[in-house]
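> Output the structure for:
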Amino acid sequence: MAIGFRAVRNILTLFAAFAISIAHAGPRARDLGVPFEGSPGPLNAITDVAGVTVGQVTLIEDLADGHKVRTGVTAILPRGRDSIETPAFAGSFVLNGAGEMTGRAWIEESGMLEGPVMLTNTHSVGTVHQATIDWRIRHGNPDSSGYWWSTPVVAETWDGELNDINGFHVKPEHVFAALDGAAGGPVAEGNVGGGTGMICHNFKCGIGTSSRRVDLDGHGYTVGALVQANYGTRSALRIAGIPVGQELPSAAKRGEADSGSIIIVVATDAPLLPTQLDRIAKRAGMGLARMGSFAGNGSGDIFVAFSTANAKAMDSTKIHTAEFLDNSNLDALFEATAQATEEAIVNAMVAARDMIGNEGHSAKALPHDALQSLLKRYGRAGNTPR
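Numbering: from 1, shown residues only. Prediction:
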């Protein structure tokens, strides 16, 4: 049976993403002795929240014309493939708005996330948005009105220093591959997916994730965070309270303006209402602040939070019943959100590797040995469980 060009390209894209993920497997922040508060889930990843799946397609190519492709797509599906038919309660927050997350207006209006959260580069938002709608039409059923109505959530950060961003290299087939390949289990970090070409605090950065377990009156809940990090100045960087950026100053010519961005996705299985998830989304900013971020004028710091609970409240009946925690019980979830966000960012930095990109631009990764030396010198080295 003949295989079409697009099918072959999809297979090769998935294989490349898998190969790069394996190649980048390495130590995480805890393995280097970075101390963190709180108890992580088994994977210390957003996929510790049952049902959440992540798919990533990584595009790294040196073109014949001299341009270099360093970009990709990351897909987070709140309920796995069931995300097509079953929304999730959600909330969002904009700490600083020099960025884009499509679909936020409907989240604010309805309190629901209908479909996946997609992460990519700034100039690929349109392609990813349209392709996500196309994927939804091909894989799901129309709504009760007979239409495949969809306002996808697509968020971006700028990778134009390392990536030929105006070459528009993210194609619909890459979006399909990320969505179709989404799975539970470990999540690749660093130079992968939408984070392939990203830089934070003038170190190579990208995708990072972490999770926390929370016990509330005998009920166990999980909070997970996934970040696409591309923000921050070197001098402001702090890890485990240590002024790492001042100890390891940057020689890069890109300067100290905070003109990058970060997208933070928070997932939980705790039963929460949309207004409570708005509050959870805000607390992601607390984890960002622990890293030294001050949400500079040119930074797009946009967060979305969703709950996988209350799936039965999303059926087609006219009257719904939903469970939710009392507001007095949210403090532990707030704390877990800040903790998971902080660790996810450090994981993104630790997992990233040196990269030479478009027009000779380059980004050096955070040196592991130097970080470990600083942890010891400041008395902060620990052996927290992975």
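> Number of residues surrounding Leu32?
18 (other Cβ atoms under 10 Å). C-beta coordinates here come from the backbone N, C-alpha and C atoms, glycine included.
> Show the contacting residues for Leu32.
350, 368, 371-372, 375 (Cβ atoms under 8 Å, 6 or more residues apart in numbering).
> Please apply the same query to Tyr378.
240-242.
> Glu343 contacts Ser210, correct?
Yes - applying Cβ atoms under 8 Å, one finds Glu343 in contact with Ser210, separated by 3.8 Å.
> what do these two both touch?
Common neighbours of Glu343 and Ser210 (Cβ under 8 Å, 6+ apart) are 36, 40, 44, 225.
> what number of residues lie near the second one?
Okay, so that is Pro40. 23.
> Please renumber the chain so that the first residue is 17 from this point on.
All set: I'll call the first residue 17, so the last point we hit is now Pro56.
> gap between the two ends of stretch 94-104?
7 Å (Cα to Cα, to the nearest Å).
> that older thread, can you pick the most crowded of the contacts of Leu48?
With neighbours taken as other Cβ under 10 Å, the top of the contacts of Leu48 is Val366, carrying 26 neighbours.
> quick one, what contacts Asn60?
44, 46, 225-227, 359, 402.
> quick one: it and Asp47, what's the gap?
Asn60 sits 11 Å away from Asp47, going by Cβ to Cβ, to the nearest Å.
> Was I right to think Gly373 contacts Ile215?
No - contact criterion Cβ under 8 Å: Gly373 and Ile215 do not qualify, at 9.5 Å.
> For those two, list the residues in contact with both.
With Cβ under 8 Å, 6+ apart, Gly373 and Ile215 have common neighbours 177-178, 379.
> and Ala194, that's in a strand?
No - assessed with DSSP: H, G, I helix; E, B strand; the rest coil, Ala194 is helix; it does not lie in a strand.
> Verify the contact between it and Leu93 for me.
No - assessed by Cβ under 8 Å, Ala194 is found out of contact with Leu93, at 9.9 Å.
> shared neighbours, those two?
With Cβ under 8 Å, 6+ apart, Ala194 and Leu93 have common neighbours Gly71.
> more neighbours, those two?
Ala194 (34 against 24).
> which residues touch Asp274?
Asp274 touches 247-249, 252, 309-315, counting by Cβ under 8 Å, 6+ apart.
> rerun at 6 Å
249, 312, 315 (Cβ atoms under 6 Å, 6 or more residues apart in numbering).
> In the stretch 17-166 of the chain, where is pLDDT below threshold?
Across the stretch 17-166 of the chain, the ranges flagged by pLDDT under 70 are 17-41.
> all helices in it, in order from the N-terminus.
21-39, 120-126, 141-155 (DSSP state H, counting those that start in this stretch).
> Check the offset of the longest strand belonging to the chain from the chain's centre.
When the chain is parsed with DSSP state E, its longest strand is strand 84-97. Its chain's C-alpha centre and that of strand 84-97 lie 9 Å apart, by Cα atoms, centre = their mean, to the nearest Å.
> buried set for it?
84-96 (16 or more other Cβ atoms under 10 Å).
> cool, stretch 45-52 as well?
For stretch 45-52, the neighbour count (16+ other Cβ under 10 Å) marks 45-46, 48-50, 52 as buried.
> This protein: strands as residue ranges?
Counting by DSSP E, the strands of the chain are 69-78, 84-97, 104-113, 128-129, 133-137, 169-173, 215-216, 219-220, 223-232, 235-246, 277-284, 316-323, 371-372, 378-379.
> Each with direction, which strands does the fifth one pair with?
Note on strand 133-137: by DSSP bridges, its sheet partners are strand 84-97 (antiparallel), strand 169-173 (parallel).
> And the last one, by the same measure?
Under the criterion DSSP bridges, strand 378-379 sits next to strand 371-372 (antiparallel) in its sheet.
> what about the strand it pairs with, distance to the chain center?
21 Å.
> again with stretch 118-131
The answer for stretch 118-131 is 18 Å, by Cα atoms, centre = their mean.
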